[in-house]
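Undergrad: Sequence and computational prediction follow.
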Amino acid sequence: MALKVLLPVRFLLFALHLIIDIVIAYNRAGHVAASIPPSTASLEARAMRELNLTFDWLFFATGSCFAIEFLGMFLGFSLYVPTVPLTSIVAHASGFVLCVWLTMEVWSVQSFSYIFGCCSLLPALLELYLMGGHFLQMQSWQKLELRL
């Protein structure tokens, strides 16, 4: 019963978090402008380039984390480990709420990096851990079969 509920909720929150991250990417200029202190008028162009590059890397890393988690979710690596879907649900729900807040209040790029670390990177690392464990277990079974 719990598995029938966890998977749709996890996918829905995953999709909502992904959509709001795409919205944040389209509103990049506002977040970059909010990151520059008003006293740096002479270095504004250089600071804008650096912040745009930082934002691009953060968005690429967020997309990579979503791809890893999407792959793990639909290949079933974390389907029967109840702590990983629950962690993913909590992370993506809080990530969605924080990203909506970030979009409405136009926070800085540094705020997006904190949200990325807690709400996108953590579930992806858990998924990678399970994928690695699964592949290592497959290798040990293959070695055992070769010995027999």
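TA: Perfect, thanks for sending it.

Undergrad: So, low pLDDT: which residues of the chain?
TA: For the chain, the stretches with pLDDT under 70 are 1-3, 38-43, 142-148.

Undergrad: roughly how far apart are the closest residue to residue 130 other than its chain neighbours and residue 132?
TA: In this structure, residue 130 finds its nearest non-sequential neighbour in residue 77, 4.6 Å apart by C-beta to C-beta, 6 or more residues apart in numbering. Any C-beta I mention is one placed from the backbone N, CA and C, and that applies to glycine too. Distance, residue 77 to residue 132, by C-beta to C-beta, to the nearest Å: 10 Å.

Undergrad: again, but for residue 85
TA: With C-beta to C-beta as the criterion, residue 85 and residue 132 are 18 Å apart.

Undergrad: cool, and residue 140?
TA: 13 Å.

Undergrad: Pull out the buried residues from the helix or strand where residue 52 lies.
TA: Assigned by DSSP states H and E, residue 52 falls within helix 44-75. Neighbour counts over helix 44-75 (16 or more other C-beta atoms under 10 Å) mark 47-48, 51, 54-55, 58-59, 61-62, 65-66, 68-70, 72-73 as buried.

Undergrad: and the residue nearest the centre of the chain, how far is that from residue 63?
TA: The geometric centre of the chain, computed from its C-alpha atoms, lies nearest to residue 120 (C-alpha atoms, centre = their mean), at 2.2 Å. As judged by C-beta to C-beta, residue 120 and residue 63 stand 9 Å apart.

Undergrad: who touches both of those two?
TA: Listed as contacting both residue 120 and residue 63 by C-beta atoms under 8 Å, 6 or more residues apart in numbering are residue 21.

Undergrad: coming back round to it: following the helix holding residue 52, which helix or strand shows up next?
TA: Moving toward the C-terminus from helix 44-75, the next helix or strand (DSSP H and E) is helix 83-105.
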